[in-house]
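Participant: Predicted coordinates and the sequence they were generated for:
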Amino acid sequence: MSNPPRIGLLPLYVKLYDQVLPDLCAELLPFLQEVRAAFQQRGVAVVEAPVCRAADEVAGAVRQFEQEGADLIITLHLAYSPSLESVEALAASRLPVLMLDTTPDRGFGPATDPMRLLNNHGIHGVQDLACMLRRKGKPFTVVAGHLSDLRTMERACAVVAGAHAAAVFRGMRVLRIGPAFAGMGDFQCPDADFEAQLGLSIEEIPPTALRDSVAAVTDDAVEREMHADRDAFEVALDAEVHRRSVRLGLGLRRYLEHGGFGAFSLNFLAFDLETGPLSTVPFLECSKAMARGVGYAGEGDVLTAALVGALNAVGPTTFTEMFCADWAGGSIFLSHMGEFNPAVAAGTPRLYEKPYPFTKTNNPAAIACAPRPGLATLVNLAPGPNGSFGLLATAVEVLGDGTHPDYRDWIRGWIRPPVPVEEFLETYSRHGGTHHCALVLGDCRDAVLAFGQALGLETVELTAKGDMR
């Protein structure tokens, strides 16, 4: 699991007021403390900087944020602050910027004492700085509203979560077990491109490289894990099938932990041994890993695996694929072979022996379940032309479970996009979306769009043809 999100809170002020209004800054410090506390109460770590008036002070604060591992800089205008005192340092920083456009007072109507202007006029400092950041080509986000409005902090913390997910993603070590699936081109790029453009570090191994890690798994550890599975799942399989899957899974877990991998992908065809501790496919551990916050995707897709791992910092996330269009019902069927994050599941997943005709290896244990109904966010990270990468996101409605009795042993789910299925699928493919996706519980578009912006990705929210949020 990743560390909590961390922000650098940058309070901005104007030096002129120290001369003509010497007591004003002290009056505004409780407001600064209120903003700081609002983030800390929501689990966000705050790197504090002194109130900054001049360019050298802002530059020093930005260096402090970078050195102390902030995911994001949040500016707070305590008063008007001239943009040229802060824009250069902010534009030059590698950290994304959120401008929190808020004031101490909730109201400023006709009956308000006009002298309250002095405490509440930071918004035009926001406008000055926003214009200059845009002119400098520095992406930024603005969240405007009063702290008493819960939506203000919800939106601000969503942006923080997205920036944190980007920090988790950038520099992530990703393991590929077996080669990428032959002929499956949409998610494949040279590993050097993943490293150069996205900061991912890719390592590829054959399944046999897990042998020592699996051999180190004790019988007691296997029995403890099987007992935990009986508490977590509806177990409906032979104990020996369960045992061999758990042993291989714990060996894979050990390999991932010792290697510091934040995500992994496997090619199921690479698992082809008939005997020994590697003689099945670790589908069960793929599912459990996602529930622990480790990213996963199938078929050697390290790109989507890293995406799933990063978005787990936003909310419970699973790897999935769009398989079938329900033209009549206006929905899309989601599934995959045997990998799904049980933290996303509706009800208790069923753990069963999955028939496996693809190689000569033994049948694996796998879970079967459906995602929880309600709002969710479907996200895709796709390679684009000339070494670029694009992020596609849309809010969807997850529908109820299937009613056919044979769905009992399937990964299954139905989503309804915000536009007709035909239109959604056309737009998705027009933007180059791949056939591997991440599904995040809840409407997390603010966080996902902030994630894409922090990574410098072309980010498209799919609502209608060609729409960008």
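Facilitator: Arrived safely.

Participant: Next one: residue 292 from residue 227, what distance?
Facilitator: The gap separating residue 292 from residue 227 is 18 Å, by C-beta to C-beta, to the nearest Å. Backbone N, C-alpha and C define where each C-beta goes, glycine included.

Participant: more crowded one of the two?
Facilitator: A count of neighbours by other C-beta atoms under 10 Å puts residue 292 above the other of residue 292 and residue 227, at 14 against 10.

Participant: in the stretch 351-469 of the chain, which spans are strands?
Facilitator: Secondary structure of the stretch 351-469 of the chain, counting by DSSP state E, counting those that start in this stretch: strands at 365-368, 374-383, 389-398, 413-416, 437-441, 458-461.

Participant: how about the third one: buried residues?
Facilitator: For strand 389-398, the buried set under the neighbour-count rule, 16 or more other C-beta atoms under 10 Å, comprises 389, 390, 391, 392, 393, 394, 395, 396, 398.

Participant: need the contact list for the first one.
Facilitator: If I follow you right, that is residue 389. Contacts for residue 389 (C-beta atoms under 8 Å, 6 or more residues apart in numbering) come out as 197, 198, 381, 382, 383, 457, 458.

Participant: Kindly recompute the last result at 10 Å.
Facilitator: By C-beta atoms under 10 Å, 6 or more residues apart in numbering, the contact set of residue 389 is 189, 193-194, 197-198, 303, 381-383, 432, 452, 455-458.

Participant: Show me what it is bridged to.
Facilitator: Beta-bridge pairing for residue 389 (DSSP bridges): residue 383.

Participant: State the pLDDT value of it.
Facilitator: pLDDT for residue 389: 95.

Participant: shaky segments in the chain?
Facilitator: Scanning the chain for pLDDT under 70 picks out the ranges 1-2, 464-469.

Participant: sorry, back to before: of the contacts of residue 389, which is the most crowded?
Facilitator: In these, the most neighbours by other C-beta under 10 Å go to residue 381, 29 neighbours.

Participant: What is the neighbour count of residue 145?
Facilitator: For residue 145, the neighbour count with other C-beta under 10 Å is 18.

Participant: from the buried residues of strand 389-398, which single one is nearest residue 61?
Facilitator: Among the buried residues of strand 389-398, residue 391 lies closest to residue 61 (C-beta to C-beta), at 29.7 Å.

Participant: what's near enough to touch the nearest residue to that closest one once chain neighbours are set aside?
Facilitator: Ranked by C-beta to C-beta, 6 or more residues apart in numbering and with sequence neighbours excluded, the top spatial neighbour of residue 391 is residue 452, at 3.9 Å. With contact set as C-beta under 10 Å, 6+ apart, residue 452 has these partners: 139, 162, 165-166, 379, 381, 389-393, 458-461.

Participant: how close does residue 231 get to residue 338?
Facilitator: According to C-beta to C-beta, residue 231 stands 20 Å off from residue 338.

Participant: Which of those two has more residues huddled nearby?
Facilitator: Taking other C-beta under 10 Å, residue 231 and residue 338 do not tie; residue 338 has more neighbours (23 against 8).

Participant: Look at that one and give its secondary structure.
Facilitator: For residue 338, the assignment made with DSSP: H, G, I helix; E, B strand; the rest coil gives coil.

Participant: Only the buried residues of stretch 446-466, if you could.
Facilitator: For stretch 446-466, burial by neighbour count (16+ other C-beta under 10 Å) applies to 446-455, 457, 459-463.

Participant: Helices - which of those land there?
Facilitator: With helices identified by DSSP state H, the entries of these that belong to them are 446, 447, 448, 449, 450, 451, 452, 453, 454.

Participant: Residue nearest the middle of this protein, spatially speaking?
Facilitator: Nearest to the geometric centre of the chain sits residue 311, at 1.6 Å (C-alpha atoms, centre = their mean).

Participant: burial measure for the closest residue to that one other than its chain neighbours, as a count.
Facilitator: Of all residues beyond its chain neighbours, the one nearest residue 311 is residue 317 (4.3 Å), with distances taken as C-beta to C-beta, 6+ apart. By the measure other C-beta under 10 Å, the count of residues near residue 317 is 29.

Participant: who are the neighbours in contact with the residue nearest to residue 392 when sequence neighbours are not counted?
Facilitator: Nearest non-adjacent residue to residue 392, counting by C-beta to C-beta, 6+ apart: residue 380, 4.4 Å away. Contacts for residue 380 (C-beta under 10 Å, 6+ apart) come out as 186-187, 303-304, 307, 322, 390-394, 428, 431-438, 460, 462.

Participant: State the distance from residue 380 to residue 439.
Facilitator: In this view, residue 380 and residue 439 are 10 Å apart by C-beta to C-beta.
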